[in-house]
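Colleague: sequence plus the predicted model coming up.
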Amino acid sequence: MKTKDIFDVFGIAPSTLSDWSKEDNKKYTLAQLLKNMSMDDVKDILSKEQNSQSKPVMLLSTVNCSIGNKKKHFTLTGLKNLFYKKEPLDVYDKYALKTIKNEALEEEIVDFRNYYRISPKRVETVLASL
C-alpha cells in the first residue's frame, strides 16, 4: 500500500510511518507489512465479519458501578461463577445478583449468558432464588 492509503485506512500519519520504517524502530516490521500489503487484501480483511464475540462487559459494568468499594468489584469470571456457586452466597454475591435482577437490561443478561453458555433455566433459577 502507498503511504496515502495507509493514512486513509488506518490513520497513521506519513511522518509516523516514516519513523516506523527505520530499521532500529520497534514497529519496523509492522511498517513493512503495511507497505507490502495490497489494498485489495486490506479491504477483504476489513470487510469480513468478526467471528469472535467480544466479551460481555456491560453486565459487569452494571454490577460494579453499584458497588462502591473497588476492592469488592467482580471480574467476568467471578460474575460467571455466581451462577454455579454451591456454597452460600455472601453479601456481595447477593447484592450483585439483585443488581442483575433489578437493574440489568435483558440484552446484557442474554449476551452474558450466551457468551459463557449458561443455560437460561440456570440464570432464571438463580435470579428467582433471591
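Modeller: Good, I have the coordinates.

Colleague: mind checking pLDDT for Lys26?
Modeller: pLDDT for Lys26: 94.

Colleague: now the one 5 residues further on
Modeller: Note on Ala31: pLDDT of 94.

Colleague: what's the answer for Glu49, then?
Modeller: Confidence at Glu49, expressed as pLDDT, is 60.

Colleague: after the helix ranked longest in the chain, next one along is what?
Modeller: Taking residue count as the measure and DSSP state H as the definition, the longest helix of the chain comes out as helix 91-103. Towards the C-terminus, the helix or strand next in line after helix 91-103, according to DSSP states H and E, is helix 106-116.

Colleague: if we can go back for a sec, report the backbone C-alpha coordinates of the longest helix of the chain in CSV.
Modeller: Provided in CSV are the C-alpha atoms of helix 91-103 (Å, rounded to 0.1, in the frame of the first residue of the first chain):
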residue,chain,number,x,y,z
VAL,A,91,-23.5,-10.2,51.0
TYR,A,92,-21.7,-9.0,47.8
ASP,A,93,-22.8,-12.0,45.8
LYS,A,94,-26.4,-11.5,46.8
TYR,A,95,-26.1,-7.8,46.0
ALA,A,96,-24.6,-8.5,42.6
LEU,A,97,-27.4,-10.9,41.7
LYS,A,98,-30.1,-8.4,43.0
THR,A,99,-28.4,-5.7,40.8
ILE,A,100,-28.6,-8.0,37.8
LYS,A,101,-32.2,-8.9,38.5
ASN,A,102,-33.4,-5.3,39.1
GLU,A,103,-31.1,-3.1,37.0
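
Colleague: got the angle between it and helix 106-116?
Modeller: 130 degrees (axes from the mean of the first three to the mean of the last three C-alpha atoms, to 10 degrees).
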